[in-house]
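**Student:** structure here, sequence nowhere to be found:
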């Protein structure tokens, strides 16, 4: 194996985005698309961070506001507000979820050597959402574990409510 092949193997790509002036990243392989914000259909009894559902090419997709999920101050959605559509794992299956973020930043190649373990911030911060910290030059990006962003009980309830709402509407 050549040195060039070794370097290529060590790189992972992340889509980075902005939330409250901080840059976060998710593995690019989990991203299914990016689209502008659109009005959602509310889901009764859903958690406050579940904005509702949209119909995305025939699939019912729950939309999660990451600001609300992370306990950040809510802001008015703007022209920069986007929904990053990702696939997350639930048990042995995958689900599609949309994540509302302030803006998309970039796609970065990060060497595995430039990923650092998240320090212990104490019990107040939801560390389980953080997979690692990525160093990009002098900048640090918070790499999220998207499979832990959703409370699966909440997502299942939202899915069931969405399916019931869709069958009533049909």
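**Tutor:** Good, I have the coordinates. A quick note: this is a predicted structure, and the numbers were derived from the prediction, not measured.
**Student:** run a quick neighbour tally on residue 99.
**Tutor:** Taking other CB atoms under 10 Å as the criterion, the count of residues near residue 99 is 25. Heads up, the C-betas are built off the backbone N, CA and C, glycines and all.
**Student:** figure out the helix or strand that it lives in.
**Tutor:** strand 93-101 (DSSP states H and E).
**Student:** packing partners of that strand?
**Tutor:** Strand 93-101 sits against strand 11-19, strand 50-56, strand 59-65, helix 66-69, strand 82-90, helix 152-169, with contacts defined as 3 or more CB pairs under 8 Å, 6 or more residues apart in numbering; DSSP states H and E.
**Student:** what's the mean pLDDT across the longest one?
**Tutor:** Confidence over helix 152-169, taken as the mean pLDDT, stands at 55.
**Student:** going forward can the numbers begin at 43, since that is how I track them
**Tutor:** Sure thing, new numbering starts at 43, so read that last one as helix 194-211.
**Student:** residues in contact with the residue positioned nearest the centre of the chain?
**Tutor:** For the chain, residue 141 is the residue whose C-alpha lies nearest the centre (CA atoms, centre = their mean; 4.8 Å). With contact set as CB atoms under 8 Å, 6 or more residues apart in numbering, residue 141 has these partners: 68, 105, 106, 108, 125, 126, 127, 128, 188, 191.
**Student:** tell me the one of those nearest residue 158?
**Tutor:** Nearest to residue 158 among the contacts of residue 141: residue 68, at 16.9 Å, using CB to CB.
**Student:** tell me which residues form a beta bridge with the residue nearest to the centre of the chain?
**Tutor:** Residue 141 has these beta-bridge partners by DSSP bridges: residue 106, residue 126.
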